[in-house]
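**Student:** Need a 3D model of the sequence below.
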Amino acid sequence: MKFFFFLLTMAGAGWLAQLFLPWPAIALVGLLIGAWTGLSVGRNFALGFLAGFLVWGMQAFLLNVANDGLLAGRIGELFMGIGTSGIWILTACVGGLLGGLGCATGSAGVTLFPSKSA
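**Tutor:** Now for the predicted structure:
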């Protein structure tokens, strides 16, 4: 249940950050969420990957629908003809890697640099 809550939190914060900040904003959101969750590095990577995959995949889908698939089709031809759905999956995977690495970095940072409150 905690994982699902953090997943929704990261996806929502990532979506808002992507609207106003440059493309690596999902990694920054992942860094902050990863430091906040208290989960292990592996679970934080999975959390960030899922959230980034969902956010970037949905954004790619919405932008594709807005321009009737013209841009994704042309970019798909450049990538050995993988097509529109291949571009969606590729885009979502890049977002997932950014989010996952951001979350894992936040979790590892908390582990490496613990607070000095004793």
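
**Student:** What are the phi and psi values at L31?
**Tutor:** phi -60, psi -50 (degrees, to the nearest 10).

**Student:** Check what pLDDT it gets.
**Tutor:** pLDDT for L31: 93.

**Student:** Could you measure from the residue nearest to Q59 when sequence neighbours are not counted over to K116?
**Tutor:** Spatially, and ignoring its direct neighbours in sequence, Q59 is nearest to Q18 (6.3 Å; CB to CB, 6 or more residues apart in numbering). (Each C-beta comes from the backbone N, C-alpha and C, glycine too.) Distance check for Q18 against K116: by CB to CB, to the nearest Å, it reads 35 Å.

**Student:** what's the following helix or strand after the helix or strand bottoming out on mean pLDDT in the chain?
**Tutor:** Within the chain, no helix or strand scores below helix 70-78, which has a mean of 85 by mean pLDDT, DSSP states H and E. Per DSSP states H and E, the first helix or strand lying C-terminal to helix 70-78 is helix 83-112.

**Student:** Which secondary structure elements does that next one sit against?
**Tutor:** helix 2-20, helix 25-37, helix 41-66, helix 70-78 (3 or more CB pairs under 8 Å, 6 or more residues apart in numbering; DSSP states H and E).

**Student:** would you list those helices in a markdown table and tack on mean neighbour count and distance to W88?
**Tutor:** As requested, the helices and strands packed on helix 83-112 are exported to a markdown table (neighbours: other CB atoms under 10 Å; distance: least, CB to CB, whole Å):
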| stretch | mean neighbour count | distance to W88 |
| --- | --- | --- |
| helix 2-20 | 16 | 16 |
| helix 25-37 | 23 | 16 |
| helix 41-66 | 20 | 5 |
| helix 70-78 | 14 | 7 |
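
**Student:** you'd agree G96 is up against A60?
**Tutor:** No: with contact defined as CB atoms under 8 Å, G96 does not reach A60; the gap is 11.9 Å.
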